[in-house]
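> I'd like to go over a predicted model; first the sequence, then the structure.
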Amino acid sequence: MSEVKEMAAKQERQALTGNEAMALAMRQIEPDVVAAYPITPQTEIVQIFSTYVADGLVNTEYVPVESEHSAMSAVVGSAAAGARSMTATSANGLALMWEILYIASGTRLPIVMPVVNRALSGPINIHCDHSDTMGARDSGWIQIFSENAQEAYDNMFQAIRIAEHPDVLLPAMVTTDGFIISHGMEIVNTLDDKTIKDFLGTYKIPRNLLDVDNPITVGPLALQDFYFETKVAQADAMMKAKPVILEIAEEYEKLSGRKYSFFEEYRLDDADVAIVVLGSTAGTAKVVVDNLRKEGIKAGLLKLRVFRPFPYEELKEALKHVDVIGVLDRSDSFASLGGPVFSELRAAMYDMETRPLVTNYVYGLGGRDIDLHMIEQAYRELLEIKETGKVDQYVNYLGVRE
Amino acid sequence: MALNLKTLANRPVRISSGHRACAGCGFPQVIKMVLGATESDVVAGCATGCMEVTTTVYPFTAWKTPFIHNAFENSAATISGVEAAYQSLKRQGKVDKEIKFVAFGGDGGTYDIGFQSLSGAMERGHNMVYVCYDNGAYMNTGIQRSSATPRGSHTTTTPAGTVRPGKAQYRKDLTTIMAAHGIPYVAQASVGNLVDLARKAEKAFNVEGPAFLNVFAPCRLGWAIPSDAAAQVSKDAMDCCFWPIYEVENGEWKINYKPKNKISMDDWMKPQGRFRHLFKPGMEDLRGEIQAEVDKQWELLLKRAGE
């Protein structure tokens, strides 16, 4: 038996939905404070977590706030008071937190928050897309995407360690695709409580509000003379998160046998055409890659896991040999040049000596299904671009009525 | 020992001088009295506003006690989170001290944009005190009307013009609304009576659960009054019954001061520049309505207090 299989054998195999897996992870993290508010499709996470509180399985102080704005505000207070603090949300709830997302990161508080991705209103829609998280991409939060319930579970623990690392001290969101992952049941290998506790260690920030003998002022007014430096310090911390993410992934792999990095490369080594995608769609796209490979087409895939910090150097390196790249974005930026993943990846490649051709597919908004055929269609278009050597249209809407 | 001027003098002063509030501003006294009303350690928070921007200009701070500012509308939610952290860490044996929690906010941050956050924190029963310093407008942004602004008042968004004589609505009675939350202690106080304010803050800190104080705090700039007028204008506000001081303790209403010689609203309004236009010819009826409303509210308060 290989080492990985041996490790897996020690883990409990459970059938869990993404929300159940994240709630279970929260029980094992056992934050000192959770402040949260219900919103579909996230609600289950805090609902399940509430049962842990009700049954005394966790020591957590659970604050059932009256809005997401107050949820984020309360965890800013509790994290600054020296308590490991979490909340969870989706879509409009994340939008309501917006103002405080920036304050959490600007105050350098390592809050961790599952975000179950859902389309932003209007029209109101409860299903998956990434417009919520993508809108918050400049809020100074680390953003880690998950392909399935297993990754969601694993990412939660790593996010705590990354966020709380002394070189980082930034908040982190761990995302899953609403309903697709959050409500879909899968086999999840879970680690035991002690292993998790040992992996996490205790929450420590340099100074806290409850250290009354050493009073501090948190959240001061910083004007033209100091504000800029605080922002550059944040950017610096985000860059420093990169080696930390890899270091912690390695440490976690030793416990779980599961490998994590900034992204996953799937049959990418010798690929002529490749798709870059986030989240659950990667699973579907892998099937398409396998099918195309059977036809002798050198198709590959890159599944981006960490969107912030954006690993542009590593992405360039991984994709430099590919002739044509199709970037799948599950959110739009309305008449900018493509969705956020596309525009950032394309910008990253600008100074390469030989640049791959890149085109963008905006897909799946409001939970619109993305199937094998659509992804295959995209790959075939990439092959056409390879033939012609020309990208005619940068932004393509995949799976939408004309 | 009961709080009086003498005992207050020996209490810790947790706000330093040298902060940047205007001379004659009301709220520095509010901070001083409230934080001095307990001998326990206190963590304080405040909403965005004059109090915050004048006391925490980085790299300086006027707060000698742990302090957090988060945003404008969430002072109550933020301190509720700090208090939740305390409850959790105390239960786990990681903190052993007795610590009190107080959130401050101006009337804009309390009556208006922070109203939901305040209501939520009070309803959840956190062991914290919320102190509103009510100066009747958004003073930090340049004197805009809030729901605490008195009727007829000139503000920059309800300017006294040729057709409209300042703010059209009466102020929201937030203290009564907070009493309706059924929390253990609610009081209205004023910088016109500092010992009463400190005594109320002491009670507020000592009750189990949430407490709310609404404190009258003049703004010399917004009210267009001299910088030495804060105490007098506050006393007059009590004497005309515009700002009665009272407390609601476990549902029992008690008036703490009844003027022997009640003065008129005209007496109170006239020295304040924000009401100047009300004393032009043709404004008698409006002033009459304002007087009648204040009288009505005072009667209602007497009734609530069983008097």
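Looks like it arrived, so ask away.
> checking the residue lying closest to B:P28 once chain neighbours are set aside next. Helix, strand or coil?
For B:P28, ignoring the flanking residues on the chain, the nearest one in space by C-beta to C-beta, 6 or more residues apart in numbering or on different chains is B:A21 at 5.3 Å. From N, CA and C alone the C-beta is placed, and that goes for glycine too. Under DSSP: H, G, I helix; E, B strand; the rest coil, the three-state class of B:A21 is coil.
> B:A21 contacts B:V53, correct?
No - the criterion here is C-beta atoms under 8 Å, and B:A21 misses it with B:V53 at 9.4 Å.
> circling back to that earlier point, mind pulling up the pLDDT for the residue nearest to B:P28?
We have a pLDDT of 97 for B:A21.
> and for B:N4, the neighbour number?
11 (other C-beta atoms under 10 Å in any protein chain shown).
> low-confidence bits of the stretch 151-300 of chain B, can you list those?
Using pLDDT under 70 as the threshold, the predicted model of the stretch 151-300 of chain B has no low-confidence range.
> which stretches of it form strands?
Residue ranges of the strands in the stretch 151-300 of chain B, as given by DSSP state E, counting those that start in this stretch, are B:185-190, B:211-216, B:246-249, B:252-255.
> one step back: who has more neighbours out of B:A21 and B:V53?
With neighbours defined as other C-beta under 10 Å, B:A21 and B:V53 compare such that B:A21 has more, 19 against 16.
> that older thread, so for chain A, which of the strands of the stretch 151-300 of chain B sits nearest?
strand B:211-216 (16.0 Å; C-beta to the nearest C-beta).
> can you list the strands that that closest one pairs with?
Next to strand B:211-216 in the sheet, as set by DSSP bridges, lie strand B:129-134 (parallel), strand B:185-190 (parallel).
> quick revisit: for the residue nearest to B:P28, give me its contacts.
Contacts for B:A21 were tallied using C-beta atoms under 8 Å, 6 or more residues apart in numbering or on different chains; they are B:F27, B:P28, B:C50, B:M51, B:T54, B:T55.
> try A:E253
A:K259, A:Y260.
> okay, now the residue of the stretch 151-300 of chain B found nearest chain A: neighbour count?
When distances are taken as C-beta to the nearest C-beta, the stretch 151-300 of chain B approaches chain A most closely through B:H181, which lies 12.4 Å from it. Neighbours of B:H181 under the rule other C-beta under 10 Å: 14.
> repeat that for A:A35.
The burial metric for A:A35, expressed as a neighbour count using other C-beta under 10 Å, is 31.
> where's it relative to A:E44, distance?
Relative to A:E44, A:A35 is positioned 17 Å away (criterion: C-beta to C-beta, to the nearest Å).
> now the strands paired with strand B:211-216 as a markdown table including mean neighbour count?
Below are the strands paired with strand B:211-216 laid out as a markdown table (neighbours: other C-beta atoms under 10 Å in any protein chain shown):
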| stretch | mean neighbour count |
| --- | --- |
| strand B:129-134 | 30 |
| strand B:185-190 | 27 |
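> go through the contacts of B:A21 and say which is closest to A:L94.
Lowest distance from A:L94 to these (C-beta to C-beta) belongs to B:M51, with 29.8 Å.
> ok, and the closest non-adjacent residue to that closest one?
In space, B:M51 comes closest to B:F27 once its chain neighbours are excluded; the distance is 5.3 Å by C-beta to C-beta, 6+ apart.
> what's near enough to touch the one you found?
When contacts are counted by C-beta under 8 Å, 6+ apart, B:F27 is found next to B:A21, B:C50, B:M51, B:F104, B:G106, B:Y133, B:N135, B:A217.
> longest strand anywhere in chain B?
Counting by DSSP state E, the longest strand found in chain B is strand B:99-106.
> what is the mean pLDDT for the helix or strand just after that strand?
Helices and strands here follow DSSP states H and E; after strand B:99-106, the next one along the chain is helix B:107. For helix B:107, the mean pLDDT works out to 98.
> helix B:107 - contacts with which helices or strands?
strand B:129-134 (3 or more C-beta pairs under 8 Å, 6 or more residues apart in numbering or on different chains; DSSP states H and E).
> so for the strand it packs on, mean pLDDT?
Within the predicted structure, the mean pLDDT of strand B:129-134 is 98.
> gap between that strand and the chain center?
5 Å (C-alpha atoms, centre = their mean, to the nearest Å).
> that one vs strand B:99-106, what angle?
The directions of strand B:129-134 and strand B:99-106 differ by 20 degrees, with axes from the mean of the first three to the mean of the last three C-alpha atoms, to 10 degrees as the criterion.
> which residues are contacting strand B:129-134?
Applying C-beta under 8 Å, 6+ apart, the set of residues contacting strand B:129-134 from outside is B:26-27, B:30, B:34, B:51, B:75-76, B:79, B:100-107, B:110-111, B:118, B:121-122, B:148, B:174, B:201, B:204-205, B:210-217.
> before we move on, what about stretch B:267-277?
Residues from elsewhere that reach stretch B:267-277, judged by C-beta under 8 Å, 6+ apart: B:152-155, B:160, B:165-166, B:222-225, B:229, B:233, B:236-237, B:239-240, B:242, B:278-279, B:283, B:287, B:290.
> any buried residues in that stretch, and which?
Using 16 or more other C-beta atoms under 10 Å in any protein chain shown as the burial criterion, the residues of stretch B:267-277 that qualify are B:W268, B:M269, B:P271, B:Q272, B:R274, B:F275, B:H277.
> grab the CA positions of that stretch and hand them over as PDB.
Presented in PDB, the C-alpha positions along stretch B:267-277 are these (Å, rounded to 0.1, in the frame of the first residue of the first chain):
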ATOM      1  CA  ASP B 267     -35.600  80.800  26.300                       C
ATOM      2  CA  TRP B 268     -33.600  77.700  25.300                       C
ATOM      3  CA  MET B 269     -33.600  78.200  21.600                       C
ATOM      4  CA  LYS B 270     -32.900  81.900  21.300                       C
ATOM      5  CA  PRO B 271     -29.200  81.900  22.300                       C
ATOM      6  CA  GLN B 272     -28.500  79.100  19.700                       C
ATOM      7  CA  GLY B 273     -27.600  80.200  16.200                       C
ATOM      8  CA  ARG B 274     -29.200  77.000  14.700                       C
ATOM      9  CA  PHE B 275     -32.700  78.400  15.700                       C
ATOM     10  CA  ARG B 276     -32.000  82.100  14.800                       C
ATOM     11  CA  HIS B 277     -34.400  82.100  11.900                       C
END
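> alright, that wraps it up for me.
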